[in-house]
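Peer 1: Here is a sequence together with a model predicted from it:
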Amino acid sequence: MTKLKWYEDLSKLINVNHVKKDEPLRTYTFTHTGGEADILVSPESNNEAGEVLAYCYENEVPVTFLGNGSNMIIKDGGIRGVVLFLGKMKDISHNGNKITAQAGAKIIDVSRYALEKRLTGLEFACGIPGTTGGALYMNAGAYGGEVSDVLESAVVVTDKGELQAVTAEDLGLGYRTSNIPDRNLLVLEATFALQAGEYDVIKEKMDDLTFKRESKQPLEFPSCGSVFKRPPGYFAGKLIQDSDLQGVQIGGVMVSTKHAGFMVNVGGGTATDYVNLIRHVQETVKEKFGVDLETEVRIIGED
């Protein structure tokens, strides 16, 4: 089958305006880098997402999931097959002390919604730029909190297009990891169990965390967020800083001088620049301190 055939078939399954061929992915990533997707599909409901995945499974079409591209580098060769973009699935609702958010809802918006409903537990997420689906995928966390602390359940779709309800325990959430990629699952929505709180207390904590983030992170440049996981017994940023790597630049991508754990696109940077700079940092830190830095950012696509 050709991508034209995929395009024609998928355009019959969902709104043709939500199926795009040879779509540039740089407009979907925080780094402003990335090649083209053969086909990009933007479902608007759980059922549509399931139908698209069932089609891909039945026809052996490779499929890649994309949220808002905040902690991701898509290589310059782009992505073959179908990219399933969940940006149109972003509804948030609540029932008592529980909040349910679709996978495309930004986790920052979910934390703000919790504030409006006077629910505490998601304050840590007020500065995390990813989607709800992405937050589950990597058990996102910050400032002492993480998704596994408050996640109760989720709705996922298998690579066969089957919808399933799962518990938080089913997802194997660990430090910046889950079993979601290993099981080829796509998160469609998540339910968080929170606690009743006082609006002013919740807001004060969120304001404090927002100030810390804005004062320490290089938000003035495009970036992929925190590049490396924290190695046991160390801090990645400190190791990079002590390796004299801040300000080191390859092409248009530089190790941030504001926060060594970030790499920023200072102009004209490519995904290849990012990958090469990541390797250079890993090799230098390994040579100087004997520590292996493992990437937190996802690197996908073709060279």
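Peer 2: Good, I have the coordinates. Numbering: from 1, shown residues only.

Peer 1: Not counting its neighbours along the chain, what's nearest Ala135?
Peer 2: The spatial neighbour of Ala135 that comes closest, neighbours along the chain excluded (C-beta to C-beta, 6 or more residues apart in numbering), is Ile107 at 4.5 Å. Yep, even glycine has a C-beta here, placed from its N, CA and C like the rest.

Peer 1: was I right about the one you found contacting Glu123?
Peer 2: No. Using C-beta atoms under 8 Å, Ile107 makes no contact with Glu123, being 11.7 Å away.

Peer 1: Can you pick out the residue with more neighbours from those two?
Peer 2: Ile107 (29 against 26; other C-beta atoms under 10 Å).

Peer 1: quick one, what contacts that one?
Peer 2: Contact criterion C-beta atoms under 8 Å, 6 or more residues apart in numbering gives 101, 122, 125, 128, 130-132, 134-135, 140 as the residues in contact with Ile107.

Peer 1: Secondary structure added to those residues, as CSV?
Peer 2: Formatted as CSV, the entries for the contacts of Ile107 read as follows, by DSSP: H, G, I helix; E, B strand; the rest coil:
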residue, secondary structure
Ala101, strand
Leu122, coil
Ala125, helix
Ile128, coil
Gly130, coil
Thr131, strand
Thr132, helix
Gly134, helix
Ala135, helix
Ala140, coil
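
Peer 1: Between which two of the residues you listed is the distance greatest?
Peer 2: Comparing every pair within the contacts of Ile107 by C-beta to C-beta identifies Leu122 and Gly134 as the most remote, at 15.1 Å.

Peer 1: roughly how far apart are the residue positioned nearest the centre of the chain and Tyr7?
Peer 2: Residue closest to the average C-alpha location in the chain (C-alpha atoms, centre = their mean): Gly134, at 3.9 Å. Applying C-beta to C-beta, to the nearest Å, one obtains 26 Å for the distance of Gly134 from Tyr7.

Peer 1: can you check Lys75 too?
Peer 2: Taking C-beta to C-beta as the measure, Lys75 and Tyr7 are separated by 22 Å.

Peer 1: again with Glu58
Peer 2: For Glu58, the distance to Tyr7 equals 16 Å [C-beta to C-beta].

Peer 1: Pick out whichever of those two has more residues nearby.
Peer 2: When Glu58 and Tyr7 are compared for neighbours, Tyr7 comes out ahead with 18 against 10, by other C-beta under 10 Å.

Peer 1: That one contacts Val16, correct?
Peer 2: No. Tyr7 lies out of contact with Val16 (C-beta under 8 Å); the separation is 9.1 Å.

Peer 1: rewinding a little: the residue nearest to the centre of the chain is in contact with Val147, isn't it?
Peer 2: No. Taking C-beta under 8 Å as the definition, Gly134 is not a contact partner of Val147, at 10.0 Å.

Peer 1: what's the overlap in contacts for these two?
Peer 2: Shared contacts of Gly134 and Val147, defined by C-beta under 8 Å, 6+ apart, comprise Ala140.

Peer 1: Tell me where this structure has helices.
Peer 2: Counting by DSSP state H, the chain has helices at residues 3-13, 46-58, 107-116, 132-137, 199-216, 236-242, 271-289.

Peer 1: okay, the angle between the fifth one and helix 107-116?
Peer 2: This points to helix 199-216. Direction vectors for helix 199-216 and helix 107-116, defined by axes from the mean of the first three to the mean of the last three C-alpha atoms, to 10 degrees, enclose an angle of 150 degrees.

Peer 1: Remind me what helix 199-216 packs against, helices and strands.
Peer 2: Helix 199-216 sits against helix 107-116, strand 119-120, with contacts defined as 3 or more C-beta pairs under 8 Å, 6 or more residues apart in numbering; DSSP states H and E.

Peer 1: Just put these in TSV and tack on distance to Val266 and mean pLDDT.
Peer 2: Written out in TSV, the entries for the helices and strands packed on helix 199-216 read as follows (distance: least, C-beta to C-beta, whole Å; pLDDT from 0 to 100):
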stretch	distance to Val266	mean pLDDT
helix 107-116	25	98
strand 119-120	38	98
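
Peer 1: would you list those in JSON lines and tack on distance to Gly87?
Peer 2: As requested, the helices and strands packed on helix 199-216 are exported to JSON lines (distance: least, C-beta to C-beta, whole Å):
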{"stretch": "helix 107-116", "distance to Gly87": "12"}
{"stretch": "strand 119-120", "distance to Gly87": "25"}
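
Peer 1: Quick check: which of those is nearest to Leu219?
Peer 2: When the helices and strands packed on helix 199-216 are compared by C-beta to C-beta, helix 107-116 sits nearest Leu219, at 12.6 Å.
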